[in-house]
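Visitor: Mind looking at a prediction? Sequence and model below.
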Amino acid sequence: AQKVTQAQTEISVVEKEDVTLDCVYETRDTTYYLFWYKQPPSGELVFLIRRNSFDEQNEISGRYSWNFQKSTSSFNFTITASQVVDSAVYFCALSEHGSGNTGKLIFGQGTTLQVKP
Amino acid sequence: SQTIHQWPATLVQPVGSPLSLECTVEGTSNPNLYWYRQAAGRGLQLLFYSVGIGQISSEVPQNLSASRPQDRQFILSSKKLLLSDSGFYLCAWSVAKRGPDEQYFGPGTRLTVT
């Protein structure tokens, strides 16, 4: 069965610190897709990244970086030099190729990040 | 560009009253559409998804229903609300294709059942 686990419920850091949000997933499919979303206090989920299971290259986008390791079934997200505006709930999600064209996402429970000035 | 709208933004309803939440997407055709619920302090639960007009799949048994009367319109309804229906309801869309694609979310509706 597919599952996404975000073990960190809440993280609090001081501005400019680096922070890593963990995501561990379970799936039986060999082809799958992983996502990260940000939910700021306004509530709307913002798409951050999509990664397929055949692409293990790490990705960097500005202060954001993602580390995908199939060997440990993890897709961790690091924010470098955190800022107060990074305060939000972050969700990791999984979609299996076997879900066909439905595109269903399985979300983790989310990690609440608080960045203090 | 594509945009997704939800209304109302907030709603307070008594137990036993009916519900109708609406979601519309602009700038795309034949999208996949989804309804999620987020209870306070918890993750997102997929309620319904639709891959085409009139095609609705339910993920969890409940007293809610969904309909897709038009290609880019998705409606979440209930005949009689329960206290447990309180939560933040999010609509999302994605491009319908063979492989999973990222979903784009609307601003959400915060429902309080009293």
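Guide: Good, I have the coordinates. Numbering: from 1, shown residues only, chains lettered A, B, ... in the order given.
Visitor: wait, what's in contact with the residue in chain A positioned nearest to chain B?
Guide: Taking C-beta to the nearest C-beta, chain B has its nearest neighbour within chain A at A:Ser95, 3.5 Å off. Yep, even glycine has a C-beta here, placed from its N, CA and C like the rest. Contact analysis of A:Ser95 by C-beta atoms under 8 Å, 6 or more residues apart in numbering or on different chains lists A:32-35, A:103-106, B:100.
Visitor: Any chance you could list what contacts the least confident helix or strand in chain A by mean pLDDT?
Guide: In chain A, the helix or strand scored least confidently by mean pLDDT, DSSP states H and E is strand A:59-61, which has a mean of 87. Contact with strand A:59-61 is made by A:49, A:51, A:65-66, as judged by C-beta under 8 Å, 6+ apart.
Visitor: in what helix or strand does the residue of chain A closest to chain B lie?
Guide: Using DSSP states H and E, A:Ser95 sits within strand A:88-96.
Visitor: what about dumping the CA coordinates of that strand to CSV?
Guide: Taking C-alpha atoms only, strand A:88-96 is exported to CSV below (Å, rounded to 0.1, in the frame of the first residue of the first chain):
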residue,chain,number,x,y,z
ALA,A,88,4.1,27.5,6.4
VAL,A,89,2.9,23.9,6.4
TYR,A,90,4.8,21.8,3.9
PHE,A,91,3.3,18.7,2.4
CYS,A,92,5.0,15.8,0.7
ALA,A,93,2.9,13.7,-1.7
LEU,A,94,3.1,10.6,-3.8
SER,A,95,1.3,9.6,-7.0
GLU,A,96,1.7,6.1,-8.6
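Visitor: Any part of the following helix or strand past that strand near chain B?
Guide: Next helix or strand after strand A:88-96 toward the C-terminus (DSSP H and E): strand A:106-107. Yes: using C-beta under 8 Å from any C-beta of the partner chain, strand A:106-107 reaches chain B at A:Phe107.
Visitor: How far off centre is strand A:106-107?
Guide: 11 Å (C-alpha atoms, centre = their mean, to the nearest Å).
Visitor: Which residues belonging to stretch A:87-103 are considered buried?
Guide: Within stretch A:87-103, the residues scored as buried using 16 or more other C-beta atoms under 10 Å in any protein chain shown are A:87-97, A:99, A:102-103.
Visitor: mind listing the strands for the chain?
Guide: Defaulting to chain A. Secondary structure of chain A, counting by DSSP state E: strands at A:3-5, A:10-14, A:19-21, A:24-26, A:32-39, A:46-52, A:59-61, A:64-69, A:74-79, A:88-96, A:106-107, A:111-116.
Visitor: that's the wrong chain, I wanted chain B
Guide: Counting by DSSP E, the strands of chain B are B:3-7, B:10-13, B:19-26, B:32-38, B:44-52, B:55-58, B:64-70, B:73-78, B:87-94, B:104-105, B:109-113.
Visitor: Thanks a lot, see you next time.
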